[in-house]
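> Predicted model and sequence below, questions to follow.
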Amino acid sequence: MKRPLDLDPDRLFPADSTTRAIARALYADVAGLPIVSPHGHTDARWFADDTPWQDATSLLLAPDHYVYRMLYSQGVDLDALAIPRRDGTPATDPRAAWRLFADHYYLFRGTPSRLWLDHVFAEVFGIDVALDGDSADHYYDAINAALATDAFRPRALFDRFNIDFLATTEGPQDDLNAHHRIQRSGWRGRVVTTYRPDAVIDVEHEAFKPAMQVFAELTGEDVYSWSGYLAAHRKRRADFRAAGATATDHGHPTAQTANLAPDEAERLFRKIVSGNWTPPDAELFRAQMLTEMAAMSVEDGMVMQIHPGAFRNHNAGLFESHGRDKGADIPTQTGYVEQLKPLLDRFGNERGLTIILFTLDEDSYSRELAPLAGHYPCLRLGPPWWFHDSPEGMRRFRELATETAGFYNTVGFNDDTRAFLSIPARHDVARRADCAFLARLVAEGRMADWEAAEVALDLTSRLVRKAYRID
C-alpha cells in the first residue's frame, strides 16, 4: 500500500493553538528570506563545472554521513550502500544501494534526517508518496530523471533555493582552482571558500606530511622554519580572501589555546617538523596555533571559527577500510573557560576580532559558553551543530544560552553540510524552531510580538551577515 508523503505546514510549531498561531505568523515573515550558508562542505567544483549529478545515490546517500551512520549502526555494510573504499575499490550498484536505503528508511523516524530528507523529496523533487521498499524504484527513477534536466544542475538549484551566500571549506594545500573558475565564469552566485588549516597544523593528521609539501610549493616559503611557516599561512590566507573567504575554521580535538614566548614556540615547531614529538607536543602546538591564527585574524579581519570536541574516526576498522568522515566521529566532553584563557588574555578585548565558538558538549552552553560570550567582545556563539542541529537541540540551545548571552551574541544558523539539496530543509527547520521559541516568549508575556518579529529576522539573516562580515 502506497502511503502519502505529506509535509505538515505547521510542523515543529507548538501544539497549543494560541502559541502555534504566533509561531505561524512569525515564520511567515522569514520563511522566504534568502539563505545565508556561511559554513559548509559542499564541493566548489559543482558550481564551477555545473555538470549534472549522476544519480540519487551519489547525490543524496553516499556523501551524507548522517544517513549512512544510522544504517551502519543497524548492521548495513557501507560497501552495500555504494560508499567507496579508501583503497579505491569501486562503489557497488547505486540502484541496489538505494533500494537498501529505502528498505531501512523507517530507521529515521523521529530524527532530523527524516525531516530534511522528506523536505527534499517533497519540495525539491515533487514526490508525493512515502519512501519505502515498494516505492524505492519510483524514487530512484524520478530523481534520476529530474537530475538529467537543466533545472537540476547545481547553479540552477542554487538560484532556485534562493541562496545568497554559500561558503565551502578548503585547506592550505588546496589550489582553489574551482573558486577561481566560478569567479571568471560570470555567474552571479556567491560561492566563497573558508580557510581550514588543520591539515598543516595537526601533526597527528595522516595527511600532515604531504599537506606540508604542497603548502611549501603553493607559497614558495620554507614551511619547515617557524618564520617561513607563519609567512606561508599569511600568504594562503591572502589567497583565500582573494577567493572571497571571510572566515577561517578550526576543528581541533579540544579548545585548548596557548600563548608561548616566540623562542618557546619556535623550539616546539622544530620538534613538530623533525618528527620527534609526543602527543602532548602535538596538543600544545595546536593550542599555540589557535592563538597564532587569532593574531592573523586581528591583522586581516577574517572571522575565526573554533569547533572542537570530536573524537575523530573512533571506529578504527572503518577508518582503515573507508577513511575519514564515515559517521564514526563521536562527541567528547569539552572545556572552554580555562582552555581559551591564554588566547583571551591576549585578544579577548579586541573589538575588531570575531571568534565564533561551537560545541558538541551541550553541558557547556549555560556553564561556560554563554557566560564567556556574554562578556568578551570578541566571542560569539555558533548555532547547535552536528548531533544537535535538530529541533530539540535548537530549543535547548535557546533555553540554555539566551538568558545569559542574549540573542545578539549568537550568529544565526549554519547548515555545516555536504548534502547540497538538504540546505533549504535545514534552514527551514532552524527558522521554524526559532519561531516556535519566540512564540512561547510572546505567549508568556516576556516579549512583545513586534520584538519577536524583529528577533526572528535577526536570527534568520542579520546576525549571520554581521558576524561573518558578509556585506
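Yep, it's here.
> domain ranges for the protein?
By the assignment in automatic domain parsing, the chain contains the domains 17-52+150-467, 53-149.
> pLDDT of the last one, averaged?
In other words, domain 53-149. For domain 53-149, mean pLDDT rounds to 93.
> coming back round to it: confidence-wise, which of the domains of the chain is weakest overall?
domain 53-149 (a mean of 93).
> now residue 22, what's its secondary structure?
helix (DSSP: H, G, I helix; E, B strand; the rest coil).
> Counting neighbours, what do you get for the closest residue to it other than its chain neighbours?
Counting by C-beta to C-beta, 6 or more residues apart in numbering, residue 22 lies nearest to residue 439, which is 3.9 Å off, once chain neighbours are set aside. All C-beta spots, glycine's among them, are computed from the backbone N, C-alpha and C. Number of residues near residue 439 (other C-beta atoms under 10 Å) recorded here: 27.
> mind starting the numbering at 34 from now?
Got it, the first residue is 34 from now on, which makes the last one we talked about residue 472.
> Please name the residues that touch residue 472.
46, 47, 52, 53, 55, 56, 59, 485 (C-beta atoms under 8 Å, 6 or more residues apart in numbering).
> on that earlier part again, tell me which of the domains of the chain sits nearest to residue 37.
Comparison of these against residue 37 by C-beta to C-beta identifies domain 86-182 as nearest, at 6.2 Å.
> export the domains of the chain to a markdown table and tack on distance to residue 36?
As requested, the domains of the chain are exported to a markdown table (distance: least, C-beta to C-beta, whole Å):
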| stretch | distance to residue 36 |
| --- | --- |
| domain 50-85+183-500 | 20 |
| domain 86-182 | 4 |
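> how about those domains, which one is nearest residue 40?
Closest approach to residue 40 among these (C-beta to C-beta): domain 86-182, 5.2 Å.
> coming back round to it: quick one, which of the domains of the chain is nearest to residue 39?
Short answer: domain 86-182, nearest of the domains of the chain by C-beta to C-beta, at 8.0 Å.
> which secondary structure element contains residue 199?
strand 196-200 (DSSP states H and E).
> Test my guess that residue 353 contacts residue 239.
No - using C-beta atoms under 8 Å as the test, residue 353 is too far from residue 239 to be in contact (11.0 Å).
> Show me where the stretch 284-433 of the chain has its helices.
Assigned by DSSP state H, counting those that start in this stretch, the stretch 284-433 of the chain shows helices spanning 295-307, 312-333, 349-355, 370-380, 397, 403-406, 424-438.
> closest to residue 70 out of these?
Here helix 424-438 is closest among those (C-beta to C-beta), at 16.4 Å.
> Does anything pack onto that closest one? Which helices or strands?
Packing partners of helix 424-438 (3 or more C-beta pairs under 8 Å, 6 or more residues apart in numbering; DSSP states H and E): helix 403-406, helix 456-476.
> out of the ones you listed, nearest to residue 193?
Across these, closest to residue 193 is helix 456-476 (C-beta to C-beta), at 8.9 Å.
> Now do the contacts for the closest residue to residue 45 other than its chain neighbours.
Among residues not flanking residue 45 along the chain, residue 465 sits closest, at 4.1 Å (C-beta to C-beta, 6+ apart). With contact taken as C-beta under 8 Å, 6+ apart, residue 465 is in contact with 44, 45, 46, 56, 60, 424.
> Show me how to select, in ChimeraX, the buried members of those.
Burial among the contacts of residue 465 is assessed by 16 or more other C-beta atoms under 10 Å; the matching ChimeraX selection reads:
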select :45,46,56,60,424
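> about what we covered before: roughly how far is the helix or strand just after the strand holding residue 199 from the heart of the chain?
Heading C-terminal from strand 196-200, the first helix or strand you meet, by DSSP H and E, is helix 210-218. Relative to its parent chain, helix 210-218 has a centroid offset of 22 Å by C-alpha atoms, centre = their mean, to the nearest Å.
> what does stretch 311-318 give?
Taking C-alpha atoms, centre = their mean, one finds stretch 311-318 lying 26 Å from the centre of the chain it belongs to.
> now do stretch 83-93
What separates the centre of stretch 83-93 from the centre of its chain is 21 Å, taken as C-alpha atoms, centre = their mean.
> now do stretch 312-322
How far stretch 312-322 lies from its chain's middle: 24 Å, per C-alpha atoms, centre = their mean.
> so what's the closest residue to residue 70 other than its chain neighbours bridging to?
Spatial nearest neighbour of residue 70, chain neighbours left out: residue 199 (4.7 Å); criterion: C-beta to C-beta, 6+ apart. As for beta bridges, residue 199 partners with residue 70, residue 224 under DSSP bridges.
> right, and residue 199 touches residue 223 too?
Yes - contact criterion C-beta under 8 Å: residue 199 and residue 223 qualify, at 6.9 Å.
> Pick out whichever of these two has more residues nearby.
The neighbour count for residue 199 versus residue 223, taken as other C-beta under 10 Å, is higher for residue 199 (23 against 15).
> Run through the residues that contact residue 386.
Contacts of residue 386 (C-beta under 8 Å, 6+ apart): 327, 330, 331, 337, 380, 411.
> Next: residue 102.
359, 360, 361.
> what do you get for residue 158?
175, 176, 179.
> Summarise which helices and strands whatever helix or strand the last one lives in is packed against.
Here residue 179 is covered by helix 169-180, with elements defined by DSSP H and E. Contact analysis of helix 169-180 by 3+ C-beta pairs under 8 Å, 6+ apart lists helix 89, helix 127-136 as its packing neighbours.
> Give me whichever of the ones you listed is most buried.
Highest mean neighbour count among the helices and strands packed on helix 169-180 (mean count of other C-beta atoms under 10 Å): helix 89, with a mean of 24.
> C-terminal to that helix, what's the next element?
Downstream of helix 89 (by DSSP H and E), the next one is helix 98-106.
> What residues sit buried inside that next one?
98, 99, 100, 101, 102, 103, 104, 105.
> ok, of those residues, which one's closest to residue 203?
Out of these, the member with the shortest distance to residue 203 (by C-beta to C-beta) is residue 98, at 19.1 Å.
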